[in-house]
Structures are given as C-alpha cells and as structure tokens.
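Q: Curious how this folds, go ahead:
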Amino acid sequence: MLPLFIFLTYIICTTLLAQGLIEMSPGQCCFKFFTGRIPPKKIVSVIKTHSACLEKAFVIGTAAGKHICVSQSVTWAQEAFKQQQIGDE
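A: Predicted coordinates for the structure are as follows:
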C-alpha cells in the first residue's frame with residue numbers, strides 16, 4: 001500500500017510541476033489499469049506514460065484529484081488525450 005501511495009504522490013507532484021508535458025519521465029509507469037470509463041466532464045488532465053514503459057498508458061487526472069492509469073488502446077482515453085491537445089493549442 002505504501003509504495004502505491006508514494007507512486008501516486010509522485011505522479012501528482014510531477015503533473016502539477018510539468019503541466020503541458022505530453023509524456024511522463026522514465027520510471028513513471030503504470031502496472032494496474034482501470035477498465036471502466038471516466039466521464040469527460042470529470043477529466044482534468046491526460047498524460048502519456050514514458051515510451052520506455054512496458055505498457056503504454058495514459059494517466060488520467062480527475063476533478064476529484066485522483067490519478068488513474070488507463071491503457072493507451074482504450075478509445076475514450078485516446079479521445080480525451082486528443083481533446084486536451086486541441087485545448088492546449
């Protein structure tokens with residue numbers, strides 16, 4: 001439980017410090033994935049995990065302050081990522 005807390009805290013800090021980055025730094029990989037769907041209105045950020053990670057994923061930041069790993073193969077997560085990129089332009 002403690003390693004997960006440390007990992008999530010690190011993700012939160014990295015997200016806050018590096019807003020606007022498309023990809024997370026090495027060492028920040030997802031190992032468990034959320035299989036449900038997050039409503040678009042609740043998504044505040046979408047960041048790709050680093051390309052060196054074994055599994056390609058997005059870390060979805062929610063309005064409730066949670067950070068959730070979702071596979072990059074999930075269509076709704078891909079759309080959320082694209083929408084964020086359009087909004088950042």
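Q: Which residue ranges of this structure form helices?
A: Secondary structure of the chain (DSSP state H): helices at 2-17, 75-88.
Q: Between the ones you listed, which has the poorest mean confidence score?
A: Taking the average pLDDT of each of the helices of the chain, the minimum falls on helix 2-17, with a mean of 56.
Q: What mean pLDDT does stretch 28-48 get?
A: For stretch 28-48, mean pLDDT is 93.
Q: buried ones in that stretch?
A: Buried positions in stretch 28-48, judged by neighbour count with 16 or more other Cβ atoms under 10 Å: 28-30, 34, 38, 43, 45-48. For glycine as for every other residue, the C-beta is placed from the backbone atoms N, C-alpha and C.
Q: need the residues you listed in JSON lines with distance to Val59, can you?
A: Rendered in JSON lines, the data for the buried residues of stretch 28-48 read as follows (distance: Cβ to Cβ, whole Å):
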{"residue": "Gln28", "distance to Val59": "8"}
{"residue": "Cys29", "distance to Val59": "10"}
{"residue": "Cys30", "distance to Val59": "7"}
{"residue": "Phe34", "distance to Val59": "10"}
{"residue": "Ile38", "distance to Val59": "12"}
{"residue": "Ile43", "distance to Val59": "11"}
{"residue": "Ser45", "distance to Val59": "8"}
{"residue": "Val46", "distance to Val59": "8"}
{"residue": "Ile47", "distance to Val59": "5"}
{"residue": "Lys48", "distance to Val59": "8"}
